[in-house]
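Peer 1: One predicted model, sequence on top.
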Amino acid sequence: MTSQAPDRRVRIRCYLLAVSSLLMLGADEHLTTRPSNADLWDVTQGSIVTSTSGVQRRTGGAVRDMFGAMENAVPIERGSTVFKDGQLKGFVHFVEWQTPHPVTIDRVDLYAHHDGPGFDANERGFSRFTLLARDLGTGVFDARLEFSPDNPYDHIGISSLLMSEEIPPVTARQFRAEFVQFGDRSPGQRGPRIVELDGFAPKPMGDMDGDRKIDRIDLNLFRLALKIGQERYEELVPYDYCFLNGDMNGDGSVDHLDEPAFLDLLSGNTTSPILGDVNNDSASDNLDITPFIVALAAGGDEDVFLEQVPTGRFLNADIDQDGFVNNRDITPFIDVLQALVQEPAASAVSVPEPLTAIVFGFGIAVVFGRRARLAASSI
């Protein structure tokens, strides 16, 4: 058994590294910011459109597409709202909508793109976006955000995300978005195209990564904030990671005085993990290999992992305990299995040769299945 251990270790390393290489094929997709279907304005949350200046007729009136629907009758435009043609430069296109109940918004993401390549905002672009919210007391629409994009658009990253802005929290049920048409030089004076408009609730205290929940990743980011300070933190982490969400005592800074309250907040989510027990059966063994590959393929998205392994525990795949499940966990995961192989009950946790091919094939299916779902949901 001892003489076979190095070979087994090599086999495990080979197929896990091979799967990790496949994951790298979709690395850009994981980094691409995509419209949300869980924001407070999404049609799946019960939002309804109440009024509009008009949309392009041949799209079938797909004004709901900018709030997460997929109703556009033109396949290439499905998932986008295209406002009506025939208007001159400066025309104000608008849409009004309401949520099932009053909601509080403090961040707005706007996805849009004009025609291209070789075109600019004169073709389906806008020169100014204004967000208004109807005051619950006066009933008057008040402007809450204005944004003027560059021409041509300067997107954030490689997605169609044009703007992501935090605003002073506003509570309302009825909202209005206005888009000023950029130009009218193209035939038909084509109206602007809006891919999606998302509104998000304020992040709770302790939510350092902006996913609206408190977990081990937030703990890791909190410790990073303590170590490097606000300026360096905001240079290193993505734009929607909020440094001051670690300011638990509200004194305007993140320091060790915030640590007790942060740990108290997290205490309900910090039960001691069994590292490598990804299938959550209270043991780390060869049965965890397939769930571990699924966790890698999830690209950091615990919900995607749970779709494939409903009873699993995602963070048990974070073997190096850095708060993230990624390729850096492969070698420590192999070490966990290797340590078990060297125990007296090694035969109970051995990795039989046929399993290598099965798990590798499953890993390929997971990776490309996820990429297909991402492609289907993209604009």
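Peer 2: Great, that's in hand.

Peer 1: check which helix or strand covers residue 173.
Peer 2: If you go by DSSP states H and E, residue 173 is part of strand 161-181.

Peer 1: helices and strands around that strand, which ones?
Peer 2: Contacts defined by 3 or more C-beta pairs under 8 Å, 6 or more residues apart in numbering; DSSP states H and E place strand 161-181 against strand 92-112, strand 126-134, strand 141-147, strand 193-200. Placement of C-beta: from N, CA and C, glycine included.

Peer 1: ranking those by burial, who's on top?
Peer 2: Comparing those by mean neighbour count (mean count of other C-beta atoms under 10 Å), strand 193-200 comes out on top with a mean of 25.

Peer 1: one step back: export the helices and strands packed on strand 161-181 to TSV and append columns for mean pLDDT.
Peer 2: Listed next are the helices and strands packed on strand 161-181 as TSV, based on pLDDT from 0 to 100:
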stretch	mean pLDDT
strand 92-112	94
strand 126-134	97
strand 141-147	97
strand 193-200	94
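
Peer 1: domain parsing for this structure?
Peer 2: 5-32+275-377, 43-200, 216-269 (automatic domain parsing).

Peer 1: Centre of the chain to stretch 98-112, how far?
Peer 2: The chain centroid and the centroid of stretch 98-112 are separated by 16 Å under C-alpha atoms, centre = their mean, to the nearest Å.

Peer 1: With only the CA atoms kept, save it in PDB.
Peer 2: Taking C-alpha atoms only, stretch 98-112 is exported to PDB below (Å, rounded to 0.1, in the frame of the first residue of the first chain):
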ATOM      1  CA  GLN A  98     -42.900  49.900  -9.400                       C
ATOM      2  CA  THR A  99     -42.000  47.300  -6.900                       C
ATOM      3  CA  PRO A 100     -44.500  45.200  -4.900                       C
ATOM      4  CA  HIS A 101     -43.700  47.200  -1.800                       C
ATOM      5  CA  PRO A 102     -41.300  50.000  -0.900                       C
ATOM      6  CA  VAL A 103     -37.700  49.100  -1.200                       C
ATOM      7  CA  THR A 104     -34.400  50.800  -0.200                       C
ATOM      8  CA  ILE A 105     -31.800  51.200  -2.900                       C
ATOM      9  CA  ASP A 106     -28.200  52.300  -2.500                       C
ATOM     10  CA  ARG A 107     -26.500  51.000  -5.600                       C
ATOM     11  CA  VAL A 108     -27.500  51.100  -9.300                       C
ATOM     12  CA  ASP A 109     -25.900  49.100 -12.100                       C
ATOM     13  CA  LEU A 110     -26.600  50.100 -15.700                       C
ATOM     14  CA  TYR A 111     -25.800  47.800 -18.600                       C
ATOM     15  CA  ALA A 112     -26.000  49.200 -22.100                       C
END
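
Peer 1: Can you give me the buried ones in stretch 203-217?
Peer 2: 203, 205-211, 214-217 (16 or more other C-beta atoms under 10 Å).

Peer 1: which of the residues you listed lies closest to residue 96?
Peer 2: Nearest to residue 96 among the buried residues of stretch 203-217, counting by C-beta to C-beta, is residue 203 at 26.8 Å.

Peer 1: From residue 106, how far off is that closest one?
Peer 2: 8 Å (C-beta to C-beta, to the nearest Å).

Peer 1: following the worst-scoring helix or strand of the chain on mean pLDDT, which helix or strand shows up next?
Peer 2: Lowest on mean pLDDT, DSSP states H and E among the helices and strands of the chain sits helix 27-31, with a mean of 35. Moving toward the C-terminus from helix 27-31, the next helix or strand (DSSP H and E) is strand 48-52.

Peer 1: That following strand pairs with which strands?
Peer 2: The strands beside strand 48-52 in its sheet (DSSP bridges) come out as strand 92-112 (antiparallel).

Peer 1: between the partner strand and strand 126-134, how big is the angle?
Peer 2: Counting by axes from the mean of the first three to the mean of the last three C-alpha atoms, to 10 degrees, strand 92-112 lies at 100 degrees to strand 126-134.

Peer 1: What separation do you get for residue 190 and residue 114?
Peer 2: Taking C-beta to C-beta, one finds residue 190 at 9 Å from residue 114.

Peer 1: what touches both of these two?
Peer 2: Listed contacts common to residue 190 and residue 114 are 123-124; contacts here mean C-beta atoms under 8 Å, 6 or more residues apart in numbering.

Peer 1: follow-up on the earlier one: adding distance to residue 247, pLDDT and secondary structure as columns, could you present the buried residues of stretch 203-217 in CSV?
Peer 2: Formatted as CSV, the buried residues of stretch 203-217 follow (distance: C-beta to C-beta, whole Å; pLDDT from 0 to 100; DSSP: H, G, I helix; E, B strand; the rest coil):
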residue, distance to residue 247, pLDDT, secondary structure
203, 12, 78, coil
205, 8, 84, coil
206, 10, 87, coil
207, 12, 87, coil
208, 11, 85, coil
209, 15, 78, coil
210, 15, 72, coil
211, 18, 71, coil
214, 14, 82, coil
215, 19, 82, coil
216, 20, 80, helix
217, 18, 83, helix
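
Peer 1: for those, which one is nearest residue 246?
Peer 2: Nearest to residue 246 among those is residue 208, at 5.9 Å by C-beta to C-beta.

Peer 1: how about the helices in the stretch 201-350 of the chain?
Peer 2: 216-236, 259-266, 289-297, 302-308, 330-341 (DSSP state H, counting those that start in this stretch).
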